[in-house]
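Chemist: model this:
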Amino acid sequence: MADIADIANDHVLQQQEQRLAARKPAVVEISEECHQCGDPIPPARLVALAGQGCVHCIECQTILEAQRR
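Modeler: The predicted structure is shown next:
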């Protein structure tokens with residue numbers, strides 16, 4: 001027969017499995033053209049920002065960040 005610690009442990013593991021199953025991986029958007037101006041985004045920038053997403057060229061991203069301040 002299971003004791004209270006075993007039951008609690010099973011409950012915690014079940015909750016953890018449910019939470020992990022519910023997690024969705026982040027969608028990262030990458031574009032070879034800037035969404036703002038349409039110019040090509042340099043390959044070095046795409047490589048540097050791989051995993052973070054990159055949809056704007058350096059110039060447009062700089063302008064967007066300045067406008068947010």
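Chemist: Quick one: mean pLDDT over stretch 18-29.
Modeler: Mean per-residue pLDDT for stretch 18-29: 84.
Chemist: actually stretch 50-60, not the one I typed
Modeler: pLDDT averaged over stretch 50-60 gives 93.
Chemist: quick one, phi/psi of the residue nearest the centre of the chain?
Modeler: Centroid check for the chain by Cα atoms, centre = their mean gives Ala26 as the closest residue, at 3.7 Å. When read as degrees, to the nearest 10, the backbone of Ala26 gives phi -70, psi 140.
Chemist: Would you enumerate the residues in contact with it?
Modeler: Listed by Cβ atoms under 8 Å, 6 or more residues apart in numbering, the contact set of Ala26 is empty. In this view, the C-beta of every residue, glycine as well, is placed from N, C-alpha and C.
Chemist: just the CA coordinates of the helix ranked longest in the chain, formatted as PDB?
Modeler: Longest helix in the chain, counting residues (DSSP state H): helix 4-22. Provided in PDB are the C-alpha atoms of helix 4-22 (Å, rounded to 0.1, in the frame of the first residue of the first chain):
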ATOM      1  CA  ILE A   4       1.100   9.600   1.700                       C
ATOM      2  CA  ALA A   5       4.600  10.600   0.400                       C
ATOM      3  CA  ASP A   6       4.200   8.200  -2.600                       C
ATOM      4  CA  ILE A   7       0.700   9.600  -3.300                       C
ATOM      5  CA  ALA A   8       2.000  13.200  -3.100                       C
ATOM      6  CA  ASN A   9       5.000  12.400  -5.300                       C
ATOM      7  CA  ASP A  10       2.700  10.800  -7.900                       C
ATOM      8  CA  HIS A  11       0.500  13.900  -7.900                       C
ATOM      9  CA  VAL A  12       3.400  16.200  -8.300                       C
ATOM     10  CA  LEU A  13       4.800  14.200 -11.200                       C
ATOM     11  CA  GLN A  14       1.400  14.100 -12.900                       C
ATOM     12  CA  GLN A  15       1.100  17.900 -12.600                       C
ATOM     13  CA  GLN A  16       4.600  18.400 -14.000                       C
ATOM     14  CA  GLU A  17       3.900  16.100 -17.000                       C
ATOM     15  CA  GLN A  18       0.700  18.000 -17.700                       C
ATOM     16  CA  ARG A  19       2.500  21.400 -17.600                       C
ATOM     17  CA  LEU A  20       5.300  20.200 -19.800                       C
ATOM     18  CA  ALA A  21       2.800  18.800 -22.300                       C
ATOM     19  CA  ALA A  22       0.900  22.100 -22.300                       C
END
